[in-house]
Structures are given as structure tokens and as C-alpha cells.
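*Asks:* what's the 3D shape of this:
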Amino acid sequence: MVDDGAHTVPLTRRELRRLREAEAREAEALESVPEPTLADTGSAVVEAPAPVVEAPAPVVEAPAQPEQPAGFIKPSQAAPPRGGFRGWLYRLTGGALNLGPSAVEREEAELDRRIRRRLDGSRNTALLSMKGGVGKTSTTVGVGLTLATVRSGSVCAIDANPDAGDLIERALGEGAYESERQLTVTRLLRELGDNDSRVALDAYLHEVGSLRLLAGEQDPDLSDSLRAEDYERVYSLVSRHYGVTLTDCGTGVSRLAMKGILDNADNIVVAAGFAVSGAKRARDTLLWLSAHGFERLAKEAIVVVTDKDDVSARVDKAAIEETLAGMCRMLISVPHDKAVADGDLVSLEAVRPETRRAYKEIAAAIVDGYR
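*Replies:* Numbering: from 1, shown residues only. The predicted structure follows:
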């Protein structure tokens, strides 16, 4: 049939056969035509695309999260050097050239870090020796000032010498102390209540820089009558308000008050000198402690050997250091320094840099020993 748009007209058999023959000839002609090449057409022959085989979907891992910054502040650059050639170069260039602290400055910073270590509760250190004149009190003042400076206060030194100790004179100078001699440990024990405030306690203390000091009794009859219980109460009062206490003891380790001092000590410093007698007394002090129930204090002691007086070449300093070092936790030598050798005021500004460094090493060793 043929659709002429208005109605359908049926074909005869003859017309239908002719139509099919014409379609067959047309199909044969199309098959005999060759496919065009690049030369014939001037353009690339586009091949039929290969059948697409879908691959299984890959497992996509979640992207790694970037590390979160520790804070919103940029990491600080190297600390500027404070002195020497590095410090001069830093100042000369207005900070543009910063070589960082020197090895000495880094060591000083490490000592400060050890001294500044956070402590839980209050700690006590006793400084003692069986022989006078070996730098015990000057060491107490020098180390006390160092501790108080680095730890920003909270350090108190107590004069527990029953023989008219001179801790306050060495810290303040004799003239400054004369007007306040009535402020002593015995007056504090007599007048201060057990629950009084730090303000009330400080009224009985002397002050130099950030260091507080409690003077010993100058009357031998009163000072020698202080008992172990008295110093236990002193520690109780002071430790409520101060984190570190240094106690400058007398030369006698068997006096009545010494048991109370040693029972409350977290560690000790034994003072010695390079003279033969000073070294022997230090050794005897450690042996006495070990034999009387204070073996731990002796074993963990810090021995400080002060080259207070020039000794002859006959004295073997190395042998003294070697002998004492084998009996304690640490031995530190303080060099000869005229600024502390005359028994007058001890000032960190006046002593030699080597002496200040020794005091800082002692202070760091003391804090290291607080468990």
C-alpha cells in the first residue's frame, strides 16, 4: 500500500515485486562502494569506538586530614644572644643577623630551667659542716640569692647556727642589720601564731632582693636552748608560705636542734675546703650522718668545696675532690673569690662570673634532688 496523505492505495503484486527489486539493487550498490581513506577525504578516518567495558568502581579512601596547628602563634625564632661576639653582631645589625645563643648561654638557660622546675609542696635543704670557715654561710647566701632570683621569690634562708651566726650580716651587710637585730628566730617562736598569714610572718624576716631571711639568735644562752621541736615549728611556719627553705646550720651535728633540722631536710649541702682539715671534716660529716640514721641524706648530699684561701702547692686538690666525690651524689667546686673571702657582704653583682656560675650549679643540683 501507498500512503498518499489523504488515504491508503493498495499495490498490485507486480508493483510490489518491482519495488522490492529496486531496494535490493540499491543495497548492493551501497555495499560495493569502498570506505573513504585519508587521501580521498583529506581528513582522518574516525573508527567506531571500541565497546566500553565498565570496570568495578575503585575504593576511594578519604583524603588525609591536614595536621591541625598547635596554636595561632607562629613558632618563635631563635632567642637572641645576650653577650659576646654574637650579641654584639645582633645589636649591630638591629636583630637582622641572629646566630642564636652561644654554648655558654645555652648552658645557663638549662641551669635556669632546672632551678625553675615546678615543685609540689615546700622543700628544705640544710647546709652544714663540722668545721667553720669553709664557706658554708657565704654559699647559703649566694645560692639563696640565686634560687630567689630564678624562682621569682618564694625562697627563705634560716640562720640555725647556735653560735651567733652571721647569715644576715653576710646577706645585708653589717651596718644594715644593726638596726633590726631584735628580729630573730626566738622572737618569731614566741610571738607568731601557727595560723598567721604570710604578711605576719614577713614582719619577722629580713629581705635582700627576692630572698627572705630569718635571723638566728645572737644570745648564746637563748640560741643553744632551742630544741628539735622548735625548728620543726619554724619549718612548719615558713613552709606554709615559701617553696624552698635553706637552713644554715652550725658546726655541731650532735646539738639538740640538729635532729629537728635533719628530720625535716629533703637534702643537704656539706661545705668543705681544699685545706686538709676541711676535707677531713667533710668526710667525717658524711660518715656521721650515715651512722646516725641519715644514710639517705649522706648518699644524696651535695659537697661544695670552696677555694676560700690560697693553699700551698703541697695540697693535692684533685685527690680531695676525688675522695669526697665518691661519698656523695655530686661535688661542686667554688673558685677562690676575694669578694667573699673577707667575711663581709655577699653580692652576686660583686663576685666573679665563675663564682656566680658555681652558685647556680649548686642551686640546680639542690632542686634536682627534690623528689
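*Asks:* quick one: contacts for residue 126?
*Replies:* 246-247, 249, 261-262, 265, 268-269 (Cβ atoms under 8 Å, 6 or more residues apart in numbering). Quick note: C-beta positions are derived from backbone N, CA and C, even for glycine.
*Asks:* what's the answer for residue 339, then?
*Replies:* Contacts for residue 339 were tallied using Cβ under 8 Å, 6+ apart; they are 346-347, 350-352, 355.
*Asks:* quick one: which of the residues you listed sit in helices?
*Replies:* Using DSSP state H, the members of the contacts of residue 339 that fall within helices are residue 355.
*Asks:* and the contacts of residue 339, which are buried?
*Replies:* Those of these that meet the buried threshold are 346-347, 351, 355, by 16 or more other Cβ atoms under 10 Å.
*Asks:* Show me what the mean pLDDT comes to for the helix or strand that contains residue 358.
*Replies:* In this assignment (DSSP states H and E), residue 358 forms part of helix 353-368. In this model, helix 353-368 has a mean pLDDT of 97.
*Asks:* If you count neighbours, what's buried in that helix?
*Replies:* Under the neighbour-count criterion of 16+ other Cβ under 10 Å, helix 353-368 has 355-368 buried.
*Asks:* Out of the residues you listed, flag the one nearest to residue 341.
*Replies:* Distance to residue 341 across the buried residues of helix 353-368 (Cβ to Cβ) is lowest for residue 355, with 10.6 Å.
*Asks:* next one: the helix holding residue 358 to chain centre, how far?
*Replies:* Averaging C-alpha positions (Cα atoms, centre = their mean, to the nearest Å) puts helix 353-368 14 Å from its chain's average.
*Asks:* packing partners for it?
*Replies:* For helix 353-368, the elements it packs on are helix 103-115, helix 136-150, strand 267-273, strand 302-306, strand 330-334, judged by 3 or more Cβ pairs under 8 Å, 6 or more residues apart in numbering; DSSP states H and E.
*Asks:* Which pLDDT does the model give residue 82?
*Replies:* The score at residue 82 is 73. That number is its pLDDT.
*Asks:* Leaving out chain neighbours, which residue sits closest to it?
*Replies:* Excluding the flanking residues, the one nearest residue 82 by Cβ to Cβ, 6 or more residues apart in numbering is residue 105, at 6.1 Å.
*Asks:* Could you report the neighbour count for that neighbour?
*Replies:* Residues near residue 105, counting by other Cβ atoms under 10 Å, number 18.
*Asks:* Was I right to think it contacts residue 90?
*Replies:* No. Between residue 105 and residue 90 no contact is recorded; they are 11.7 Å apart, counting by Cβ atoms under 8 Å.
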